[in-house]
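Peer 1: sequence and predicted structure, then a few things I'm wondering about:
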Amino acid sequence: MSAAETGADAVGPEAPSPGLSPLARLKAILGGSAGNLVEWYDWFAYASFSIYFAKVFFPKGDQTAQYMNTALVFALGFLARPVGAWLMGLYADRSGRRAALSLSVALMCLGSLVIALTPGYAKIGIAAPGILLAARLLQGLSVGGEYGASATYMSEVAGKKRRGFWSSFQYVTLILGQLAAATVLIVIQQTLTKDQIGDWGWRIPFFIGAALAVVVFWIRRGLDESQSFENAKAEGGRVRSMLLFTHYPRQTAIVVGLTAGGSLGFYAYTTYMLKFLTNTAGFSKEQAGAINFATLIGFMLAQPLVGWLSDRLGRKAMLALAFGGGALIAWPVFTALAATQSMAVAFALIMGSLVILTGYTAVSAVVKAELFPAHCRALGVALPYAVANALFGGTAEYIALWFKHRGAESGFYIYVAVVMGAACLIALTMRESSKYSLIYED
């Protein structure tokens, strides 16, 4: 069999390519990061402002019912992510990481612009939530491809010695995108009245996202292609979708399992937390936004440190600590948050949970990229990640609100603990990815 058929990478440790210069590496990391930031800003702008536009698109029912409808659209947007991951993963492995990164940000720009311009239910009736859903599906296609392309690209250009450190900036920029959305939320809350935000102010962040995406599109067009892709292209290997399941079933299952626990934890303590603090703990929307903003800053700053530690202690140890700790704290943290009226206590509880979760988020990109050879790496990172993210991350808000609607909110706490516990078992049984990495280029 050929290398492409067996899954063996054509370029092995016996033939490493020369590494990038420090300046070239920094340029590649920053270039990839800028686009990733805008992608995730646009994605999280929906979650941040849904508490204001829920009644615009879904005027019927009480507040919880309106939140559930917007959360359902959010979850359905995740269903498009596996499709986007599949198509963009194939595109990135066949046409290059740079081409896929440029296309993904263009799709996100279009989706944001559609949301910004769509009239509400009062003007166009049922078409309003229909268009909202279509725009979210378009953004889902974009983000589905973005993760695999950016995680792959940043891991490939990071260099062997500091691959964990540099690739951790994939999540730094993801959090920066969410932080930017939170910043816009706070600024708008401070400058507009609640009625103004509910009437038209919620559209502002989507216009901002569309404009930024245009700028980043041109930045990404100027990025250098990764040496891993160039080497794989020179060998003529061609990726096929079934290759993942026939030649890499174990690696694919590992990505699914780790993503299930990591995505559920991430969305539980970040995007859903805005609603939990207002709808369960009784904080105002402004207080919830301030707490969310502060915890995201700390979460972002922790990423490079844990990425650096993974270069020295290994990725496996970081993952086991993240998921094992996450499983143990889920019930007590959510229970305490539901009972507290102190912003300081709420901040400490959420911040502690996110610091533990950093053991996954900081190494998420590099662990998955190290499992696959270059000719199918983008697809291998993107597709199983997107499937698990849709099933566990995208539904986190809806499942949490469903439990609350049923009067059994604590069921969600148990759900988080069980899924993260299962991810911990997977982490404990996997090989150390940094030691057996299939990224050979420096």
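Peer 2: Structure's in. What do you need?
Peer 1: hey, where'd the strands end up in the stretch 201-350 of the chain?
Peer 2: Taking DSSP state E, counting those that start in this stretch, the stretch 201-350 of the chain contains no strands at all.
Peer 1: got any ranges where it has weak pLDDT?
Peer 2: Along the stretch 201-350 of the chain, the model assigns pLDDT under 70 to residues 234-243.
Peer 1: and the pLDDT at S17?
Peer 2: Per-residue pLDDT puts S17 at 50.
Peer 1: repeat for the one 4 residues further on
Peer 2: Among the per-residue scores, S21 shows a pLDDT of 67.
Peer 1: please name every helix or strand in contact with the longest helix anywhere in the chain.
Peer 2: Longest helix in the chain by number of residues (criterion: DSSP state H): helix 22-57. Packing partners of helix 22-57 (3 or more C-beta pairs under 8 Å, 6 or more residues apart in numbering; DSSP states H and E): helix 63-95, helix 97-117, helix 121-124, helix 127-157, helix 169-191, helix 194-199, helix 204-221, helix 271-279. In short, each C-beta sits where N, CA and C put it, glycine included.
Peer 1: which one of those lies nearest to L23?
Peer 2: Among the helices and strands packed on helix 22-57, helix 127-157 comes nearest to L23, with 12.3 Å by C-beta to C-beta.
Peer 1: which parts of that closest one are buried?
Peer 2: 128-129, 131-132, 134-157 (16 or more other C-beta atoms under 10 Å).
Peer 1: immediately after that helix, which helix or strand?
Peer 2: helix 163-167 (DSSP states H and E).
Peer 1: got a list of contacts for that following helix?
Peer 2: Helix 163-167 has contacts (C-beta atoms under 8 Å, 6 or more residues apart in numbering) with 25, 29, 151, 154-155, 157-159, 304, 307-311, 315, 362-363, 365-366, 369-370, 434, 437, 439.
Peer 1: filter those to the buried ones?
Peer 2: Counted by 16+ other C-beta under 10 Å, the contacts of helix 163-167 give 25, 29, 151, 154-155, 157-159, 304, 307-311, 315, 362-363, 365-366, 369-370, 434, 437, 439 as buried.
Peer 1: which residue is the nearest non-sequential neighbour of A322?
Peer 2: G359 (3.0 Å; C-beta to C-beta, 6 or more residues apart in numbering).
Peer 1: phi and psi next, for the one you found.
Peer 2: Phi and psi for G359, reported as degrees, to the nearest 10, are phi -60, psi -30.
Peer 1: correct me if wrong: K404 contacts A281.
Peer 2: No: look at K404 against A281 with C-beta atoms under 8 Å: they stay out of range, at 11.9 Å.
Peer 1: now the helices for the stretch 201-350 of the chain?
Peer 2: For the stretch 201-350 of the chain, applying DSSP state H, counting those that start in this stretch gives helices covering 204-221, 227-235, 243-247, 249-269, 271-279, 285-313, 315-339, 343-361.
Peer 1: helices or strands next to the first one in the packing?
Peer 2: Counting by 3+ C-beta pairs under 8 Å, 6+ apart, the packing neighbours recorded for helix 204-221 are helix 22-57, helix 97-117, helix 169-191.
Peer 1: could you dump those helices into JSON lines with distance to M420 added?
Peer 2: Output for the helices and strands packed on helix 204-221, formatted as JSON lines (distance: least, C-beta to C-beta, whole Å):
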{"stretch": "helix 22-57", "distance to M420": "21"}
{"stretch": "helix 97-117", "distance to M420": "29"}
{"stretch": "helix 169-191", "distance to M420": "17"}
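Peer 1: what sits up against stretch 272-285?
Peer 2: Stretch 272-285 is contacted from outside by 47-48, 51, 63-64, 67, 71, 189, 287-289, 291-292, 295, 334, 337-341, 343, 346, 350, 396-397, 400-401, 404, 409, using C-beta under 8 Å, 6+ apart.
Peer 1: filter those residues down to the buried ones.
Peer 2: Neighbour counting by 16+ other C-beta under 10 Å classes 47-48, 51, 67, 71, 189, 288-289, 291-292, 295, 334, 337, 340, 346, 350, 396-397, 400-401, 404, 409 among the contacts of stretch 272-285 as buried.
Peer 1: H247: which of the helices and strands packed on helix 204-221 is closest?
Peer 2: Among the helices and strands packed on helix 204-221, the nearest to H247 by C-beta to C-beta is helix 97-117 (21.3 Å).
Peer 1: measure the nearest residue to A158 once chain neighbours are set aside to D224 for me?
Peer 2: Distance criterion C-beta to C-beta, 6+ apart; nearest residue to A158, sequence neighbours excluded, is W166 at 3.6 Å. W166 sits 15 Å away from D224, taking C-beta to C-beta, to the nearest Å as the criterion.
Peer 1: more crowded one of the two?
Peer 2: Ranked by neighbour count (other C-beta atoms under 10 Å), W166 and D224 place W166 first, with 25 against 15.
Peer 1: pLDDT value on that one, please?
Peer 2: 83.
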